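**Student:** Sequence below, structure please.
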Amino acid sequence: MINDKKVFPIILTLSLIMAAILVYIQNNIGIYYWDIFLYVNNAMRMAHLGPADTLYLSPFFPAVLSVLFMLGLTGEPTVFSAAAAFYIAGVTGLYLLLRLRFSEMESLAGSISFASFSIILSWAATGALDVPAASLSIWAVYLALLGRRKDPRFYCLALPVAMAAFLTRYTSGLMLLPLAIIIFTDPEFRSKLGELLAGTGLGILLYLPFAYFFYRNVKTPFPFLKQAAGTATGSATSINPGYSLDPLYYLTLPGVHIGPPITGLPPCDKPLNCGAHSRGIYNNRVPAGRDGHFTLE
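**Tutor:** Numbering: from 1, shown residues only. Prediction:
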């Protein structure tokens with residue numbers, strides 16, 4: 001008879017194997033996306049190993065990297081492995097989330113589908129923030145549903161994890177809508193108010209050191225507000241350099257936007273990216289290192 005004790009080790013093993021393969025491939029390629037160098041530079045700044053000038057960016061993943069750097073785990077494999085660990089957490093977390101509604105095999109199929117989507121595999125081990133933020137969001141929703149259905153103490157974990165997801169990628173703040181639906185439609189909302197307040201307090205405590213870090217370095221504890229305001233008003237500035245005013249942008253090269261090939265190379269849809277293919281790296285974005293590879297010595 002199929003049960004979670006048999007299926008969960010399968011999905012965990014598969015995700016570990018896929019993550020190991022992705023890290024191996026990405027380690028042979030190196031860091032190719034210029035924005036990942038920004039996250040690495042921020043991590044080095046947090047670890048007091050170097051300067052950085054984009055400290056307004058989402059800080060949680062760089063903070064995780066900085067801890068690893070201070071432990072002596074440096075170099076590109078550390079960046080790729082840390083990102084792959086979030087990938088594994090996302091795959092297993094989605095299985096558990098689906099199990100709240102579906103059977104073991106249906107949940108297994110759903111989590112494997114997520115794990116093998118091209119758009120996920122293309123970014124899973126690159127060091128980008130997308131997959132870590134998605135994985136933390138999955139766990140926040142799962143824990144919130146456990147708090148609603150089983151034990152309200154899970155709310156104490158769900159809200160700090162949601163804060164971590166937001167700090168990993170600011171757009172994860174959109175997760176507030178499903179969380180609000182889960183929480184405010186809970187028939188026992190009033191009796192669980194203590195756990196909800198405790199979870200909210202833990203989330204605020206998690207944010208406080210980052211607020212202090214932001215205030216020291218960018219003179220505001222909430223740098224994402226300026227970034228959001230710039231995007232909402234359509235002002236493309238240095239705070240949001242990727243913003244495009246073209247309303248038909250995603251109708252161009254749809255295959256590239258859905259997910260590039262699983263190579264870790266940037267899609268060749270812009271002159272800068274095409275130059276990266278020919279040169280092998282963004283020459284003006286490479287931190288100190290040999291042969292275009294990030295190293296700490």
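
**Student:** got the contact list for Gly127?
**Tutor:** By Cβ atoms under 8 Å, 6 or more residues apart in numbering, the contact set of Gly127 is 31, 33, 36, 39-40, 79-80, 82-83. Heads up, the C-betas are built off the backbone N, CA and C, glycines and all.

**Student:** Mind checking what secondary structure it has?
**Tutor:** Secondary structure, DSSP: H, G, I helix; E, B strand; the rest coil: Gly127 is coil.

**Student:** same question, Tyr39
**Tutor:** The assignment at Tyr39 comes out as helix when based on three-state DSSP.

**Student:** Can you get me a residue count around the residue nearest to it when sequence neighbours are not counted?
**Tutor:** Spatially, and ignoring its direct neighbours in sequence, Tyr39 is nearest to Pro62 (5.1 Å; Cβ to Cβ, 6 or more residues apart in numbering). Neighbourhood size, Pro62 [other Cβ atoms under 10 Å]: 28.

**Student:** who touches Pro62 in this structure?
**Tutor:** Contact partners of Pro62, counting by Cβ under 8 Å, 6+ apart, are 39-40, 42-43, 46.

**Student:** any idea which element it lies in?
**Tutor:** Assigned by DSSP states H and E, Pro62 belongs to helix 60-70.

**Student:** buried sites along the helix or strand following that helix?
**Tutor:** Counting by DSSP H and E, the next helix or strand C-terminal to helix 60-70 is helix 76-99. Across helix 76-99, burial judged by 16 or more other Cβ atoms under 10 Å covers 76, 78-99.

**Student:** Average pLDDT for helix 76-99, rounded please.
**Tutor:** For helix 76-99, the mean per-residue pLDDT is 96.

**Student:** now the angle from it to helix 60-70?
**Tutor:** 130 degrees (axes from the mean of the first three to the mean of the last three Cα atoms, to 10 degrees).

**Student:** so who does the nearest residue to Arg99 once chain neighbours are set aside touch?
**Tutor:** Setting aside the residues directly before and after it, Arg99 is nearest to Ser107 in space (Cβ to Cβ, 6+ apart), at 4.7 Å. By Cβ under 8 Å, 6+ apart, the contact list for Ser107 reads 7, 95-96, 98-99.

**Student:** Output the residues you listed as TSV; include the columns distance to Tyr215.
**Tutor:** What follows is those, written out as TSV (distance: Cβ to Cβ, whole Å):
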residue	distance to Tyr215
Val7	47
Tyr95	40
Leu96	37
Leu98	40
Arg99	42
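
**Student:** Nearest to Leu193 among the residues you listed?
**Tutor:** Taking Cβ to Cβ as the measure, Leu193 sits nearest to Leu96 out of these, at 25.9 Å.

**Student:** I am finished for the moment; much appreciated.
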